[in-house]
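Asks: no FASTA, just this:
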């Protein structure tokens with residue numbers, strides 16, 4: 001997701017999205033571990049980047065409140 005899209009979401013929506021991404025990342029890591037093939041390495045990197053952006057936004061909003 002783009003940062004503009006993330007900024008428009010509420011805190012609850014960001015936390016829900018973060019939970020989804022954490023689950024997806026763990027599933028992808030298990031797939032890589034079981035098969036030994038990282039077929040979706042770019043997808044994994046993008047998910048981790050989005051997670052970092054969400055965490056940054058949540059910290060920024062926590063500091064402002």
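Replies: That came through fine. Note that the structure is a prediction, hence the values are computed from the model and not measured.
Asks: all contacts plus neighbour counts: C-alpha atoms, from now on.
Replies: Will do.
Asks: Give the residue spans of the protein that score low on pLDDT.
Replies: Confidence mapping of the chain against pLDDT under 70 gives the ranges 38-39, 63-65.
Asks: which residue is nearest the middle of it?
Replies: residue 51 (2.7 Å; Cα atoms, centre = their mean).
Asks: Now that residue: which helix or strand?
Replies: Here residue 51 sits within helix 41-64, counting by DSSP states H and E.
Asks: now that helix: how far from the chain's centre is it?
Replies: 6 Å (Cα atoms, centre = their mean, to the nearest Å).
Asks: What residues sit buried inside it?
Replies: Using 16 or more other Cα atoms under 10 Å as the burial criterion, the residues of helix 41-64 that qualify are 44, 47, 48, 50, 51, 53, 54, 57, 58.
Asks: before we move on, what about stretch 4-17?
Replies: 6, 11, 14, 15, 17.
Asks: want to throw these into a markdown table with distance to residue 27 and secondary structure?
Replies: Output for the buried residues of stretch 4-17, formatted as a markdown table (distance: Cα to Cα, whole Å; DSSP: H, G, I helix; E, B strand; the rest coil):
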| residue | distance to residue 27 | secondary structure |
| --- | --- | --- |
| 6 | 23 | helix |
| 11 | 25 | helix |
| 14 | 20 | helix |
| 15 | 19 | helix |
| 17 | 15 | helix |
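Asks: Identify the farthest-apart pair in those.
Replies: Pairwise distances across these (Cα to Cα) peak at 10.9 Å, for the pair 6 and 15.
Asks: still on that earlier bit, just name the closest of the buried residues of helix 41-64 to residue 30, please.
Replies: The closest of these, once distances to residue 30 are taken by Cα to Cα, is residue 44, at 11.7 Å.
Asks: Settle this for me: that closest one is touching residue 27, isn't it.
Replies: No: between residue 44 and residue 27 there is no contact under Cα atoms under 8 Å: 10.1 Å.
Asks: before we move on, the earlier item: and the buried residues of stretch 4-17 as a markdown table, adding distance to residue 31?
Replies: Formatted as a markdown table, the buried residues of stretch 4-17 follow (distance: Cα to Cα, whole Å):
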| residue | distance to residue 31 |
| --- | --- |
| 6 | 27 |
| 11 | 30 |
| 14 | 26 |
| 15 | 25 |
| 17 | 21 |
